[in-house]
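In: Just a sequence and a predicted model for now, questions to come.
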Amino acid sequence: MLKIVSMIIMFELPSSWNLNNRINENKKESFESWADSTRYLSDQSRADNVVRVLSFPEVSPSGSVDMIKEFDYTHNLVTNDGEIYYAKKGAGETPATNEDFGGTGSGTGYFDMSTTAYTEAEADTYAEYDVSNSGSISGSIQTFTAGYPKTNDTGDTDNTGDATDAVSYAVNYSASAWNDTTVEQGCIHDNSSPVDASKLLSVFSFTSFAKTSSDTLKVFVNHAFENQ
């Protein structure tokens, strides 16, 4: 009588198995999905975008904890005040103190995240952004990452919008900086305590996401200049 013995072999993958591939594949797939859905496909246009990188802990098959990166992409709108800022910078002039977004002298730019999405317009100021004075997330008003703004941002591979003819802005939020279940909007302004009249460099909306107290968050805003 022939006896068949079934054997199951259990094995454990090393903690480093395929982690980098997972991150790179996720980055590529996220970007291509966003680009395809918006028809935003030219090389120059790809450089003009907002990149959101949420890092969160995940338990690997071996039981170790790895930080996984989730990428998302969106457009931004440079406001009328932002255009004036760039025009003055291009002409070698000094922007006014209430419209200096971190590029000259003592000017300092700030990122600001909000729970309330809205339809952006070029004439917007902080009054439109901080809807009913209840949108801005406490703790999210933070200065740029050291070294920003800059062009040709090759120092951080997470910024897929970098280019030699693009100026990149960045912010790094630690896990403890703040957390919120609904993050839908962001902007750049020049005031640590903004008021309704505070001017905006740019404003952008996200696909709604949550940042927990275990997550870190990086946001890059890249302004590329088209042939005009």
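Out: Now that the structure is in, tell me what you want to look at.
In: Which parts of the chain are strands?
Out: 50-59, 65-74, 77-78, 110-114, 142-143, 150-151, 166-173, 180-189, 200-211, 216-224 (DSSP state E).
In: what does the fourth one rub up against?
Out: It stands for strand 110-114. Strand 110-114 has contacts (C-beta atoms under 8 Å, 6 or more residues apart in numbering) with 129-131, 135-137, 140-144, 169, 171, 178, 180, 183-192, 194, 219. C-beta here means a position set from N, CA and C on the backbone, and glycine is covered the same way.
In: so that strand versus strand 200-211, what angle?
Out: Per axes from the mean of the first three to the mean of the last three C-alpha atoms, to 10 degrees, the angle that strand 110-114 makes with strand 200-211 is 50 degrees.
In: distance between strand 110-114 and the chain's centre?
Out: Counting by C-alpha atoms, centre = their mean, to the nearest Å, strand 110-114 is centred 10 Å from the centre of its parent chain.
In: cool, the longest one as well?
Out: Computed by C-alpha atoms, centre = their mean, the chain-centroid distance of strand 200-211 equals 8 Å.
In: Number of residues surrounding residue 156?
Out: Residue 156 has 18 neighbouring residues, counting by other C-beta atoms under 10 Å.
In: show me the contacts for it.
Out: 162, 170, 218, 220.
In: Nearest residue to the third one in space, ignoring adjacent ones along the chain?
Out: In this case it means residue 218. Once flanking residues are discounted, residue 218 sits nearest to residue 53: 4.3 Å by C-beta to C-beta, 6 or more residues apart in numbering.
In: That neighbour: neighbour count?
Out: Each residue near residue 53 was counted by other C-beta under 10 Å, and the total is 20.
In: Ok, residue 77 next?
Out: Residues lying near residue 77 (other C-beta under 10 Å) number 16.
In: what residues are up against it?
Out: Shown in contact with residue 77 (C-beta under 8 Å, 6+ apart): 120-122, 124, 202-204.
In: and the contacts of strand 110-114, which are buried?
Out: The neighbour count (16 or more other C-beta atoms under 10 Å) marks 129-130, 135-137, 140-142, 144, 169, 171, 178, 180, 183-191, 194, 219 as buried among the contacts of strand 110-114.
In: quick revisit: which among the contacts of residue 77 gets closest to residue 100?
Out: residue 202 (14.4 Å; C-beta to C-beta).
In: Is the closest one bridged to anything, and to what?
Out: residue 78, residue 188 (DSSP bridges).
In: Count the neighbours of it for me.
Out: With neighbours defined by other C-beta under 10 Å, the count for residue 202 comes to 23.
In: Give the full set of residues in contact with it.
Out: Residue 202 makes contact with 76-79, 82, 187-188, 221, 223, according to C-beta under 8 Å, 6+ apart.
In: Which pLDDT value does the model give it?
Out: On pLDDT, residue 202 comes in at 96.
In: Could you do residue 61 as well?
Out: 75.
In: just for the protein, where's the confidence low?
Out: Residues of the chain that meet the criterion pLDDT under 70 lie in 1-48, 103-107, 226-228.
In: Now do the domain split for it, please.
Out: Following automatic domain parsing, one finds the domains of the chain at 19-70, 75-224.
In: out of those domains, deepest packed?
Out: Neighbour counts (mean count of other C-beta atoms under 10 Å) averaged over each of the domains of the chain peak at domain 75-224, with a mean of 18.
In: quick one: that one to chain centroid distance?
Out: Relative to its chain's centre, domain 75-224 lies at 9 Å (C-alpha atoms, centre = their mean).
In: quick one: residue 88 from residue 132, how far?
Out: Counting by C-beta to C-beta, to the nearest Å, the gap from residue 88 to residue 132 is 32 Å.
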